[in-house]
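1. Using only what follows, build the 3D model:
(one chain, ligands or ions: 1)
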Amino acid sequence: MMSKVFSSFKFSSKLLHSTSVMGVRTFSVHRTLLSPFAVMYSEFGDPSKVLSKREIELKEPQANEVSVKMLAAPINPADINTIQGVYGIKPPLPAVGGNEGVGEVTKVGDNVKDLVPGDRVILFGGATGSWRTNGVWNRDTLIKIPKATPVVSAATITVNCCTAYRMLQDFVSLKPGDTVIQNGANSAVGQAVMQIAKLWGIQTVNVIRSRPNLAEVVDWLKGLGATHVLTEEELRSKATQETLFSSVPKPKLALNCVGGKNATELMRTLAYRGIHVTYGGMSMQPVTVPTGQLIFKDIRIMGFWMTNWHKQQGNNNEVRQKMFDDLCVMAQKGELKPPPMNKVPIEKFEEAISQATEKSTGKKQLLVMDSVAM
Ligand SMILES: NC(=O)c1ccc[n+]([C@@H]2O[C@H](COP(=O)([O-])OP(=O)(O)OC[C@H]3O[C@@H](n4cnc5c(N)ncnc54)[C@H](OP(=O)(O)O)[C@@H]3O)[C@@H](O)[C@H]2O)c1
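-> Just a heads-up that it's a prediction; the model follows:
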């Protein structure tokens, strides 16, 4: 049954001001006068042009469904690509933007016995449409998480942390002391990789682009657990590589976020029969494989997509649940920190979209639906 329940969402307060804390801009908000709404698009294209805020009707949850009040949801590169129509998923239009996010259960359908109002849940799957104040989802697309998990971590655990976790587990049997090399290492995925690897005793060689504040970024990544941090240019130097691989073993696993020449450089560092996994293509350049690397080193070139992984699991929730449990514990202990975030009230989504599509802001954009829970 469709019903409009706008009256229950009338809060009386307003946006106050924005401040800068440790370089991260945050908005101080009180609950706004909100009718339920979503950030939607009716055609694929430039997100700054095709997205708009639209009021939504709230459905009653059907038998296997759950009503959720969203708290926060990030803007990831994949969300931008989905709206542009160039990603692996093309949702039916009109669609709500966003994929991951965290919310609170407000009502459950008759068949849902393992969730109650007030439980905290995160969305998973693909193009779930998380940029909204409220939504109704099938129970099978939600994971219950402990309330002790910080909201920012919970909102951002599904895509990047799970990708890092799976790539470190599923391709090579890594033992403490082994090495993993990755490019785009300051990305959200890269930061999760170095933090999880450190917890598991795995050494990481982290490649980033040079930048004016390089020393600051290197210090910050080392603070997160990076064993070594190199620029793309440094990785190309034979002398640097010789020094580097006299102190750590050659990598068994390379994680490629970027593509192009740098993806090829990672291959050259791999150990015999090492595995090169492409999960992102930030440079928009293809991955070129030198023939000698294939013949003489027998390296394996593979790819990973989290959405496929979830599909492959089907109803096998045990492995999925263990992954989320492990990651939530790491987040609760402060061992897995989310990247720096601009917290932007969802009403100001245009500002967040413009920041997310600008190059190298160094921060992720987080749409906030409930500032009180943050
Ligand atoms: N396959 C999967 O299941 C999966 C899951 C999650 C994410 N991803 C993909 O992983 C990638 C990273 O996602 P994220 O959310 O972690 O990204 P993010 O936090 O927004 O970071 C983007 C990263 O890409 C780098 N970058 C951008 N343009 C570049 C270029 N031309 N050359 C080299 N580096 C460049 C940035 O480096 P600078 O700081 O130097 O700009 C930064 O390190 C995206 O392609 C995303 O779609 C894939």
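
2. relative to its centroid, which residue of this structure is most remote?
-> residue 296 (35.8 Å; Cα atoms, centre = their mean).

3. helix, strand or coil for the residue most central in space within the chain?
-> For the chain, the residue nearest the mean C-alpha position is residue 160 (3.2 Å; Cα atoms, centre = their mean). In three-state terms, and counting by DSSP: H, G, I helix; E, B strand; the rest coil, residue 160 is helix.

4. Neighbours of residue 297, how many?
-> 17 (other Cβ atoms under 10 Å). Where you see a C-beta, it was placed from the backbone N, CA and C, and this is true even at glycine.

5. Would you map out the domains in this protein?
-> As assigned by automatic domain parsing, the chain contains the domains 2-156+338-373, 160-305.

6. quick one: which of those is nearest residue 320?
-> Ranking these by proximity to residue 320 (Cβ to Cβ) places domain 2-156+338-373 first, at 7.4 Å.

7. wait, doesn't the residue nearest to the centre of the chain sit right on residue 196?
-> No: the criterion here is Cβ atoms under 8 Å, and residue 160 misses it with residue 196 at 10.9 Å.

8. for stretch 245-260, which positions count as buried?
-> Across stretch 245-260, burial judged by 16 or more other Cβ atoms under 10 Å covers 248, 250-260.

9. State the mean pLDDT of that stretch.
-> Stretch 245-260 shows a mean pLDDT of 97.

10. now stretch 173-185
-> Mean per-residue pLDDT for stretch 173-185: 98.

11. wait, what's in contact with residue 54?
-> Residues near residue 54 by Cβ atoms under 8 Å, 6 or more residues apart in numbering: 37-38, 40.

12. what about the closest residue to the ligand within the stretch 201-350 of the chain, how many residues close to it?
-> At 2.8 Å from the ligand, residue 280 is the closest residue in the stretch 201-350 of the chain, using Cβ to the nearest ligand atom. Residues within reach of residue 280, counting by other Cβ under 10 Å, total 19.

13. Next: residue 346.
-> 25.

14. can you offset everything so residue one is 58?
-> Sure, I'll start numbering at 58, so the last one becomes residue 403.

15. Test my guess that it contacts residue 188.
-> Yes: applying Cβ under 8 Å as the test, residue 403 and residue 188 come out as touching, 6.7 Å apart.

16. okay, and the common contacts of the two?
-> By the contact definition Cβ under 8 Å, 6+ apart, residue 403 and residue 188 are jointly contacted by 96, 424.

17. For the stretch 258-407 of the chain, which residues are neighbours of the ligand?
-> 266, 314-315, 336-340, 361-363 (Cβ under 6 Å from any ligand atom).

18. Tabulate those in a markdown table, adding columns for secondary structure.
-> A markdown table is the format used below for those (three-state DSSP):
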| residue | secondary structure |
| --- | --- |
| 266 | coil |
| 314 | coil |
| 315 | coil |
| 336 | coil |
| 337 | coil |
| 338 | coil |
| 339 | coil |
| 340 | coil |
| 361 | coil |
| 362 | coil |
| 363 | helix |
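
19. ok, now how distant is the residue lying closest to the residue nearest to the centre of the chain once chain neighbours are set aside from residue 269?
-> Spatially, and ignoring its direct neighbours in sequence, residue 217 is nearest to residue 245 (4.2 Å; Cβ to Cβ, 6 or more residues apart in numbering). In this view, residue 245 and residue 269 are 21 Å apart by Cβ to Cβ, to the nearest Å.

20. Could you tell me the phi and psi values at residue 423?
-> Here is the backbone geometry of residue 423 (degrees, to the nearest 10): phi -120, psi 120.

21. Quick check: beta-bridge partners of it?
-> Residue 423 forms beta bridges with residue 131, residue 400, as assigned by DSSP bridges.

22. Surely it is in contact with residue 130?
-> Yes: at 7.4 Å, residue 423 counts as touching residue 130 under the criterion of Cβ under 8 Å.

23. Who has more neighbours out of the two?
-> residue 130 (30 against 24).

24. The ligand versus the more buried one, what's the distance?
-> According to Cβ to the nearest ligand atom, to the nearest Å, residue 130 stands 13 Å off from the ligand.

25. Please report how far that residue lies from residue 409.
-> From residue 130 to residue 409 the distance is 10 Å (Cβ to Cβ).

26. Now do the shared contacts for the two.
-> Between them, residue 130 and residue 409 share these contacting residues under Cβ under 8 Å, 6+ apart: 423-424.

27. Could you give the secondary structure assignment for the residue farthest from the centre of the chain?
-> Per three-state DSSP, residue 353 ends up helix.

28. contacting residues for residue 183?
-> Residue 183 neighbours (Cβ under 8 Å, 6+ apart): 146, 156, 364, 367.

29. any idea how far it lies from the ligand?
-> Residue 183 is 10 Å from the ligand, by Cβ to the nearest ligand atom.

30. Now that residue: phi and psi?
-> Dihedral angles for residue 183 - degrees, to the nearest 10 - are phi 170, psi 130.

31. what's the distance between stretch 345-360 and the middle of its chain?
-> Relative to its parent chain, stretch 345-360 has a centroid offset of 29 Å by Cα atoms, centre = their mean, to the nearest Å.

32. Residues contacting it, please?
-> Contacts of stretch 345-360 (Cβ under 8 Å, 6+ apart): 228, 318, 320-321, 324-325, 327, 329-336, 344.
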